[in-house]
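Asker: Sequence plus the predicted model coming up.
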Amino acid sequence: MKNLFSFIFYIKRSKADSNGKANIYLRITVNGKRAELSISRKVDVYKWISSSGKMKGNSIEAQQLNRYIDSITNKIYKIHQKLVDENETISAIRIRDIYNGKEENHKMLLKIFEDHNIQVEKLVGKDFAPGTLERYKTAKKHLKAFIKLEYRLNDINIKEVNHKFINGFEYYLKTVRNCSHNTAIKYITNFKKIIRIAYANDWISKDPFFNWKARLKTVDREFLSKEEIQKLIEKEFSIKRLEQVKDVFVFCCFTGLAYADVKKLSKNDIVIGIDGDKWIKTKRTKTNTRSNIPLLKTPEAIIEKYNEYSNLVNGEYLLPVLSNQKTNAYLKEIADLCEINKNLTFHLARHTFATTITLSNGVPIESVSKMLGHKSLKTTQHYAKILDRKVSEDMLLLRKKLNINKIISLKEVD
């Protein structure tokens, strides 16, 4: 973005003192926004030349004052040029404050974001999950790229962030980065926290997010049907990596564990429950809430299948979980080989557990919420989509209970 920069020296004739002298001011303008300061000098209003911003005449007083004005002019030009050379934020207020030696009061957006991320990193495993840190880092990366593209700067003064900046960032995420609406909103929400930190510390006088509302679009979550799950279970792969990814995915279809949770699952997380059977009891990486899940036969058989793997890694991990990126790549390959026409991602296993495995088989939503480790039942209601077939079966049971087997005609009522 091109910066339109100018400055002038002027006096306020109407505020001259009893001796007819007025204070001299410097007005800096950048992109239509002004900042002013007094240069701590006075001049006789009748000896001031407004067009040149100088004192008229060749007297010693005039020469000294005009040299002083020239020295300020040189300093202002140097400050502006330095900001241009270093690709820094340029504003009238910033130039004025640098001249006055108050540059340290300026807080830069990306610097605040980086300091925040450093703090989060130190609290990973205590107050934050690793995934949370990665989202903040990605949000900062996108913000940096946006500032570079839109403003041609390496960073921007936190005071320069306004509603227009926020809307511009959202547009950038959806167009240049090709983010979906919900993904873009989540990155902006991460950015919003940084602005709230600045507001709480009085680095900015008002919250630019005051009139911005995060509105997520409702997304229908995909899940596998019983037939598709059966295809996966019955399919055997000669390629070891595909077999392992398939088994871990099926394991999560029957336990509801997220990728981060199954990756860290160990023998210590398998306990005997109150019913005398095996349970998985672990804390969710994302929310640090407890998940208590009875172990069904299918996931129990998968654990037995990889018992040797568990022994090789000293029992630290139960299953051979590859990186998230590789896992999702191999799942696309598995979907093709199993003729499953869905976007098979690892998180789809969690959706499948919530719908096909539990809710569709009559497990109460409260129990499903507990097993998924949700803090709120509302999250589970949004997460799990009840199949139309299940609704139909429930209504069939209701009809039988109410013994409504025929339609009563109006004549029969009469």
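Answerer: That came through fine.
Asker: got the buried residues for the top helix by length along the chain?
Answerer: The single longest helix within the chain, with elements called by DSSP state H, is helix 60-85. Buried residues in helix 60-85, defined by neighbour count with 16 or more other CB atoms under 10 Å: 62, 65-66, 69, 72, 76, 79-80, 83. (Each C-beta comes from the backbone N, C-alpha and C, glycine too.)
Asker: any idea of the mean pLDDT for the next helix or strand after that helix?
Answerer: Next in sequence after helix 60-85, counting helices and strands by DSSP states H and E, comes helix 92-99. For helix 92-99, mean pLDDT rounds to 89.
Asker: Kindly report the same for stretch 271-289.
Answerer: On average, stretch 271-289 scores 86.
Asker: For this protein, which residue occupies the most central location?
Answerer: Residue closest to the mean C-alpha point of the chain, counted by CA atoms, centre = their mean, is residue 187 at 2.9 Å.
Asker: the strands in the stretch 201-350 of the chain, which residues?
Answerer: Under the criterion DSSP state E, counting those that start in this stretch, the stretch 201-350 of the chain carries strands at the ranges 270-272, 278-283, 290-294.
Asker: Now render the ones you listed as TSV, adding mean neighbour count and distance to residue 380.
Answerer: Output for the strands of the stretch 201-350 of the chain, formatted as TSV (neighbours: other CB atoms under 10 Å; distance: least, CB to CB, whole Å):
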stretch	mean neighbour count	distance to residue 380
strand 270-272	13	23
strand 278-283	18	18
strand 290-294	17	12
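Asker: Between the ones you listed, which one is closest to residue 57.
Answerer: strand 278-283 (81.7 Å; CB to CB).
Asker: quick check: angle from the closest one to strand 290-294?
Answerer: On the basis of axes from the mean of the first three to the mean of the last three CA atoms, to 10 degrees, strand 278-283 is oriented at 170 degrees to strand 290-294.
Asker: export stretch 264-271 as CSV, just CAs?
Answerer: Written as CSV, here are the backbone C-alpha positions of stretch 264-271 (Å, rounded to 0.1, in the frame of the first residue of the first chain):
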residue,chain,number,x,y,z
LYS,A,264,-0.7,-41.6,23.1
LEU,A,265,-2.8,-44.6,24.2
SER,A,266,-0.9,-46.9,26.5
LYS,A,267,-1.4,-50.1,28.5
ASN,A,268,-2.0,-48.0,31.6
ASP,A,269,-5.1,-46.6,29.9
ILE,A,270,-6.8,-50.0,29.8
VAL,A,271,-8.4,-50.8,33.2
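Asker: Show me what it is in contact with.
Answerer: Outside of stretch 264-271, the residues within contact range by CB atoms under 8 Å, 6 or more residues apart in numbering are 257, 278-282, 285, 295, 303, 310, 315-319.
Asker: and the residues you listed, which two are the farthest apart?
Answerer: Greatest spatial distance in these: 278 and 285, 21.6 Å, computed using CB to CB.
Asker: show me where pLDDT drops low in this protein?
Answerer: Low-confidence segments of the chain (pLDDT under 70): 1-2, 103-105, 219-220, 309-315, 383-391, 393, 403-414.
Asker: Walk me through which strands the lengthiest strand in it pairs with, and which way each runs.
Answerer: Across the chain, the longest stretch assigned as strand under DSSP state E is strand 33-44. Its sheet considered, strand 33-44 pairs with strand 21-30 (antiparallel) by DSSP bridges.
Asker: Distance to residue 195 for the buried residues of helix 60-85 - can I get that in a markdown table?
Answerer: Formatted as a markdown table, those follow (distance: CB to CB, whole Å):
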| residue | distance to residue 195 |
| --- | --- |
| 62 | 50 |
| 65 | 44 |
| 66 | 45 |
| 69 | 40 |
| 72 | 35 |
| 76 | 30 |
| 79 | 27 |
| 80 | 27 |
| 83 | 23 |
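Asker: between these, which is closest to residue 121?
Answerer: Distance to residue 121 across the buried residues of helix 60-85 (CB to CB) is lowest for residue 83, with 30.8 Å.
Asker: just how off-centre is stretch 252-267 within its chain?
Answerer: Here stretch 252-267 is found 24 Å from its chain centre; the criterion is CA atoms, centre = their mean, to the nearest Å.
Asker: Could you number the chain from 49 rather than 1 from now on?
Answerer: Sure, I'll start counting at 49 from here, so that last one is stretch 300-315.
Asker: picking up where we left off before, where does the residue nearest to the centre of the chain fall, helix, sheet strand or coil?
Answerer: helix (DSSP: H, G, I helix; E, B strand; the rest coil).
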